[in-house]
Structures are given as structure tokens and as C-alpha cells.
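In: need coordinates for the below:
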Amino acid sequence: MGGALGYSPLLLAFSRVCFWPSRCSSCRLAFPPWLSENLAKELWGPSAAKGQQRKRLEAPCHGLPLSSLSALLLKWVMEKFLLPVVPRSTPEKGPGPRATEEEEADLAQQGSPMEAAKQEMPPLPGVPWKKIRAEGLSCDYASLYGRAQADDIFQQLEEEVEYFEGEFTKLHIFGKWHNIPRKQVTYGDVGLTYTYSGITFSPKPWIPVLNCIRDRVQLVTGYTFNFVLINRYKDGHDHIGEHRDDEKELVPRSPIASVSFGACREFIFRHGASRGRKASQRIAPVKLQLDHGSLLMMNFPTNHYWYHSLPSRKKVLAPRINLTFRKVRTL
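Out: All right, here's what the predicted structure looks like:
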């Protein structure tokens with residue numbers, strides 16, 4: 001008897017915390033004291049999101065099922081005592097490294113844009129990323145589209161993308177002009193230019209299929225892009241040699257998003273210090289297979305240290321289209 005009476009104050013306090021309702025200061029909506037007023041409004045009251053009225057649920061003091069109360073109590077306990085508090089204003093990080101405050105300050109002093117060195121929107125949850133790391137190399141790889149959707153997009157690209165002709169089909173390498181062993185074209189925002197291998201390109205205006213791909217890449221990665229270089233490889237004979245994407249127009253420290261459609265091709269990274277006969281280091285190359293509908297994020301400082309290429313593979317008979325989305329600035 002005495003033991004039961006001894007515990008009664010605890011039981012009374014527990015019931016007061018869990019089940020006696022408080023009321024919202026503005027709409028008088030009833031909610032348990034352990035539930036924050038904002039969360040109560042989100043669950044049972046009107047929401048201001050996009051000006052729409054969210055469906056109201058029955059208030060807890062008017063017959064909310066015990067199972068729902070238990071779930072809410074568990075959520076409160078987890079948030080209060082077990083999970084770290086993350087401010088709502090802090091976005092989740094996407095793939096790859098971000099610039100530190102010191103790096104941002106350095107770039108600000110140089111007058112360089114910082115949009116791409118920061119995360120500009122929260123990444124889409126549920127996309128599994130494969131991290132690819134080596135000395136000075138930071139990449140992230142994911143499947144961006146399923147097979148059927150990738151097939152549809154590939155067909156749209158084949159029908160709607162218009163590739164460069166004439167002088168834009170040649171590259172200036174080691175003082176000589178060479179035919180490009182593939183088709184290429186650039187699309188992007190009005191007023192941008194991009195100089196590559198001795199040629200300055202003015203991008204064509206965006207078309208719907210490219211807008212859709214770009215928007216999905218931005219949603220998944222949290223970065224924004226205003227320019228895309230498209231390369232079409234008709235078969236395994238078409239290729240691109242070792243190079244770095246280090247053009248001055250690229251926003252410093254910004255990543256490059258490479259989206260592939262069509263035939264799976266081998267993509268090779270080679271460290272600059274391990275190239276050629278006079279290599280100063282022995283660093284193994286990093287080899288990847290870029291699948292149909294895949295996304296490869298090349299993060300800073302990858303392009304500073306590593307060259308990449310798509311070598312010839314004569315056994316590959318099918319075409320491949322690659323889109324590299326970039327953040328370009330006007331110099």
C-alpha cells in the first residue's frame with residue numbers, strides 16, 4: 001500500500017506530461033505539453049506551405065489513438081535526449097567536399113563567385129552514392145535514372161540535340177589542328193562563353209530535355225549548373241584523350257557533373273605526377289565503368305591533380321552520349 005502511494009506522484013506527473021493537453025496560443029489547437037507548438041500545428045493544424053490548407057487530424061485530447069500518442073512520445077524522447085539537434089536553416093550536405101570558410105574568404109578577395117562552392121539546395125534523399133577516393137581525387141557515383149527512363153532520354157537526345165559543324169569540329173593541340181574523334185556541342189545560359197582547346201564556344205539555348213536532366217542533377221546533388229558540354233561517341237572508335245577540365249571560365253572549386261547515356265564505357269583517371277616516362281610518382285590509375293543513366297560527380301580538387309580520358313574500345317559497337325554540367329562564370 002505504501003509502495004503504491006509512493007509511486008502515485010510519478011504516475012501523476014507522467015500522465016500530466018503525456019496526456020493533459022495544452023493549447024496553441026493562436027488557434028487554440030489542443031496538443032500534449034511534450035509536443036512543440038510548431039510540430040502540433042504541422043500535424044493537426046493549418047500549414048502555410050505553398051498557401052495550402054493541410055488536412056486536419058483529430059486533436060489528441062479528442063480521441064487520438066493511443067498508438068499515435070505512443071509514436072509521438074517516442075519521437076519526442078528521441079529528439080530530446082538521443083538525436084543531435086540540427087538547425088532547420090542548415091541544409092544537408094551533398095556528395096563531395098565543400099569549401100571551408102577560409103577558402104570562401106580567399107575566393108571572395110579574388111572576386112570569384114562562390115555559388116558553386118556552397119550547397120544551394122538540399123540533396124534528394126534516398127539516392128545511394130558510391131564514394132571514389134584516392135590521393136587528391138574525390139568523386140561520387142550514382143544511378144540517376146532507371147533503364148526504361150534512360151532509354152527514353154537517350155532517344156530524345158538523339159532526336160533533339162544539334163551538334164556543332166565546321167570549324168567547331170576541330171581541336172588545336174600542340175600547334176596543329178586535329179579533327180575531333182566524336183561529335184560535340186554546348187548548351188547553356190545566354191551570354192556565357194567557354195574556351196576549350198583553342199576554340200571559344202558560345203552555348204546554344206537550353207532545350208526541354210536538357211532542362212529536365214539538369215534539374216534532376218541539381219536536385220540530387222544540391223549544386224546548380226548553367227552550362228553543359230555534350231559529347232557523342234558513335235561507337236568504341238570515338239574517344240577523348242587524357243585532359244583536365246581546368247578552363248579559366250569554370251567557377252573555382254565547383255564540381256563537374258557527368259551524366260552518361262547509351263553504351264557503357266571505361267573512364268580512366270590518371271594522376272598528373274604518374275604520367276609519361278618522367279613520372280615522379282607511381283600512383284595507380286582509377287578505372288570506372290560509366291553505365292547507362294549514371295551520374296559521376298567530379299569534386300574539387302580532382303581536376304587539379306588528375307587527368308581523365310575515355311579511351312578507344314573497338315569492341316564497343318553502340319553509341320554513347322555524355323553530358324558534363326558545369327558552373328561557368330563570365331570573365
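
In: make it CA atoms for all contacts and neighbour counts henceforth
Out: Fine.

In: which element follows the host helix or strand of L288 toward the C-terminus?
Out: According to DSSP states H and E, L288 maps onto strand 286-290. Per DSSP H and E, the first helix or strand lying C-terminal to strand 286-290 is strand 294-298.

In: quick one: mean pLDDT for the helix or strand just after that next one?
Out: Note on strand 294-298: by DSSP H and E, the next helix or strand toward the C-terminus is helix 302-305. Averaging pLDDT along helix 302-305 gives 95.

In: now the helices for the stretch 151-300 of the chain?
Out: Ranges of helices in the stretch 151-300 of the chain, per DSSP state H, counting those that start in this stretch, are 208-221.

In: low-confidence regions, it specifically.
Out: Within the stretch 151-300 of the chain, the segments meeting pLDDT under 70 span 168-169, 172-174, 197.

In: strands of that one, start to end?
Out: Under the criterion DSSP state E, counting those that start in this stretch, the stretch 151-300 of the chain contains strands at 170-173, 176-179, 183-188, 194-196, 199-201, 227-233, 240-243, 256-262, 265-271, 286-290, 294-298.

In: ok, which of those strands comes nearest A279?
Out: Proximity to A279 (CA to CA) singles out strand 265-271 among the strands of the stretch 151-300 of the chain, at 9.6 Å.

In: count the residues that sit near L295.
Out: Counted by other CA atoms under 10 Å, the residues lying close to L295 total 26.

In: that one and C264: what is the separation?
Out: 12 Å (CA to CA, to the nearest Å).

In: Y187 too?
Out: For Y187, the distance to C264 - CA to CA - is 24 Å.

In: tell me which of those two has more neighbours.
Out: Higher neighbour count among Y187 and C264: Y187, with 22 against 18, using other CA under 10 Å.

In: may I have the beta-bridge partners of that one?
Out: Listed beta-bridge partners, Y187: K204, V228 (assigned using DSSP bridges).

In: P208 is in contact with that one, correct?
Out: No: Y187 is beyond contact range of P208, at 11.4 Å (criterion: CA atoms under 8 Å).

In: report the buried residues of stretch 273-291.
Out: S274, R275, P285, V286, L290, D291 (16 or more other CA atoms under 10 Å).

In: just those now: which is nearest D246?
Out: Of the buried residues of stretch 273-291, the one sitting nearest to D246 (CA to CA) turns out to be R275, at 17.2 Å.

In: who does the strand holding L288 pair up with?
Out: Using DSSP bridges, the strands paired with strand 286-290 are strand 265-271 (antiparallel).

In: report the inter-axis angle for the partner strand versus strand 227-233.
Out: Here strand 265-271 runs at an angle of 120 degrees relative to strand 227-233 (axes from the mean of the first three to the mean of the last three CA atoms, to 10 degrees).

In: what about the nearest residue to T193 once chain neighbours are set aside, neighbour count?
Out: Computed as CA to CA, 6 or more residues apart in numbering, the closest residue to T193 that is not its neighbour in sequence is S202, at 4.8 Å. S202 is flanked by 17 other residues according to other CA under 10 Å.

In: likewise for E160?
Out: Neighbours of E160 using other CA under 10 Å come to 12.

In: equivalent analysis for the one 3 residues further on, please.
Out: For Y163, the number of neighbouring residues by other CA under 10 Å comes to 15.
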